[in-house]
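1. Generate coordinates for the sequence data below:
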Amino acid sequence: MGNFRKRPIRYPLVVLFLLGVVAAILMMIWNVWIGVAFIIVYLGVAYYTLKIEALTYKDTEQHIEALSYRMEDVGKEAFLEMPFGIVLLNDDFTVEWANPFMLRVLQQESLVGVELDTISDELPILINEEQKNETVVAIHDRKYHIYYKEDEKLFYFFDVTKQVQIEKQYLADRTVLAILFIDNYDELTSGMDDQARSVTNTMMTSIVNEWAAHYGIFVKRIASDRFMAVLNESILAELEQKRFSILDVIRERTMMQKNLSLTLSIGIGAGSQSLVELGQLAQSGLDLVLGRGGDQVAIKQSNGKIRFYGGKTNPVEKRTRVRARVISHALSDLIQDSDQVFVMGHKHPDMDSIGACVGVRKMVAMNGIEGFVIVNFDEVRGSVSRLMTELEQKTDFYNRFITPDEALSKITPKSLVVIVDTHKPSMVIDSRLLSRTDKVVVIDHHRRGEEFINNSPTLVYMEPYASSTAELVTELLEYQPQNEKLLPLEATALLSGIIVDTKSFTLRTGARTFEAASYLRTFGADTVLIQRLLKEDVGTYVERSKIIQTVQFPYTGIAVAHGEETKVYDSVLIAQTADILLTMKDVGASFVIAHRNDGLIGISARSLGDINVQLVMEKLGGGGHLTNAATQMKAETIEEVKNHLIEAISEIVEGSKES
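-> The predicted structure follows:
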């Protein structure tokens, strides 16, 4: 109040007084009496004005003093009783002072000298985080939004329990759309009479309706082979916790009905407020599931994240060749509309990849178009190297193998790029080629993963039921123009891919696998040459044995082995070791970890079918088949990768037990 009592100079009054004096002097010069009268009146008015101004100033001063006192009193009261917490820290980052609100929250009489982690474990972390200055913590069953003022060493606590509850309820009530598709329904019911088909339809509808009623889901059958379901996020969370047991129920119940073996695929759209987007996400998820072989669930979020469940069975082999013939004719048209064709497999090619490349290049030649196989010769190893040596003897064919740089110099916007044995851009030999043309074809036998060729491929032929990509390419060859015959060495390359991927026709083989092998044999595929190509030296055998000596069993029937920390292993050797472990007694799944040539740590996974190793590898960023999968990880040590692997195995194994 001191500054207020020191009255400021009132310049308007000073100016008014000076003007009055000047006016009085002028009037006295003109007429003395008028000037005197003016001065008397002017002085009276000035006196009255000053008196009123003094009274007003005094009243204002008294009012401000009273208001200031009230504000000080209210401020003190508000500071101590405000409905949010304040905690002040000292230089040692212990509590120096806390307001009464925090004492009531923590049910303490005093917090002076208390360590921060006594209040919440999150507070020390918040202090040490450079970019973060706020968080939400739980204290005595209530939620508090905490702000940290670093300069003042001050915490603010705001009770947001109701807000968190409302947000949680909002998220739980968000709409989710799902499309349920009965795999192979048309094929399995096409030979039934009306009564049997009606019984099957009634059974499927009954199972789905019972499941929906149990969880409170609205479901409607919209076609003979599909249902539409509406649910919310809380129901979805419950279904995920049960790992979508409906898949097992459908499979088991239908197997009891004359071995129908019907399975269910579900695509789910979640995480969006737009019903249109939810429908698109659900359909996209269903397409993804069907591309992975069916009998699974794909939950696709609006942010692009995907979660998979199921996939406990191998995909059912199709009964007709109609799709293969249609794809073959479509591929023939694409080849003929191109100026040249480039065929490319995955990095570190195996026999299936290189054999499929040889087969596709043959298709290109059958259509009279120039074709090339892209190979990174530095990555060729083992049996693939021996096959390349055999191919080199045929000069007119071997010169069709070119490097990625040569392909980049040759490719034009009118060229066609065919990707075989993979569908992930990160795994192709050179992803730069994918952006040089809009014409891309994908031929693969792996289950479709989250990563896929970015620019929508012109043609996709993915059949997870197939034993190998070489099998798919062989089927396509049968419907190509036969103006140029398949050479014995080309047939051998394709057959070697089938033999390697099926472990000599012991895994993932169907009727069409043997039909493809028979077709290749008619063109002179040499099984003796294949045996020579697949032979290994003693050193490789010894290395594999050393890896097997490290085997551990984190779970019954699951073998985990690893290479040396200081040694780099060929990816083929890692895969072969996993195959050998699978032949051991009481081993149902095998995992082998080792350092790779590319600086990553690789994991090769194999299974007899009881454990879906594809799901395990997908959790670690990889993929593959139910019985054959792999991944590569950036890590410092094998021990670190092994811990991540065992954690992923635990999630799958424990999840299977729960479901």
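2. what's the distance between S383 and H214?
-> 53 Å (C-beta to C-beta, to the nearest Å). Heads up, the C-betas are built off the backbone N, CA and C, glycines and all.
3. Tell me which of those two has more neighbours.
-> Set S383 next to H214 and count neighbours by other C-beta atoms under 10 Å: S383 wins out with 20 against 10.
4. Next up, the contacts around that one.
-> S383 sits next to M351, S496, V500, L533, L534, K535, V572 when contact means C-beta atoms under 8 Å, 6 or more residues apart in numbering.
5. in the helix or strand where it lies, what counts as buried?
-> Counting by DSSP states H and E, the element that carries S383 is helix 382-392. Neighbour-count burial for helix 382-392, with 16 or more other C-beta atoms under 10 Å as criterion, is recorded at G382, S383, V384, R386, L387, M388, E390, L391.
6. do the same with stretch 177-188
-> Quick answer for stretch 177-188 (16+ other C-beta under 10 Å): L177, A178, I179, L180, F181, I182, D183, N184, Y185, L188.
7. What's the local residue count around E167?
-> For E167, the tally of surrounding residues (other C-beta under 10 Å) stands at 12.
8. what's the offset of the helix or strand harbouring it from the middle of its chain?
-> Element membership for E167, per DSSP H and E: helix 161-173. With C-alpha atoms, centre = their mean, to the nearest Å as the basis, helix 161-173 stands 25 Å off its chain's centre.
9. model confidence over it, on average?
-> Mean pLDDT, helix 161-173: 88.
10. Kindly format the C-alpha coordinates of it as PDB.
-> The C-alpha trace of helix 161-173 is given here as PDB (Å, rounded to 0.1, in the frame of the first residue of the first chain):
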ATOM      1  CA  THR A 161     -10.200 -40.900 -11.300                       C
ATOM      2  CA  LYS A 162     -13.600 -40.000 -12.900                       C
ATOM      3  CA  GLN A 163     -12.000 -38.900 -16.100                       C
ATOM      4  CA  VAL A 164     -10.000 -42.100 -16.400                       C
ATOM      5  CA  GLN A 165     -13.100 -44.200 -15.700                       C
ATOM      6  CA  ILE A 166     -15.000 -42.300 -18.300                       C
ATOM      7  CA  GLU A 167     -12.200 -42.800 -20.800                       C
ATOM      8  CA  LYS A 168     -12.000 -46.400 -20.000                       C
ATOM      9  CA  GLN A 169     -15.700 -46.800 -20.400                       C
ATOM     10  CA  TYR A 170     -15.600 -45.000 -23.700                       C
ATOM     11  CA  LEU A 171     -12.900 -47.200 -25.000                       C
ATOM     12  CA  ALA A 172     -14.700 -50.300 -23.800                       C
ATOM     13  CA  ASP A 173     -17.900 -49.300 -25.500                       C
END
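11. got a list of what R197 touches?
-> So R197 contacts T189 (C-beta under 8 Å, 6+ apart).
12. Assign a three-state SS to it, would you?
-> helix (DSSP: H, G, I helix; E, B strand; the rest coil).
13. what pLDDT does it get?
-> Looking at R197, its pLDDT stands at 84.
14. again with the one 5 residues further on
-> Reading off the confidence values, T202 has pLDDT 88.
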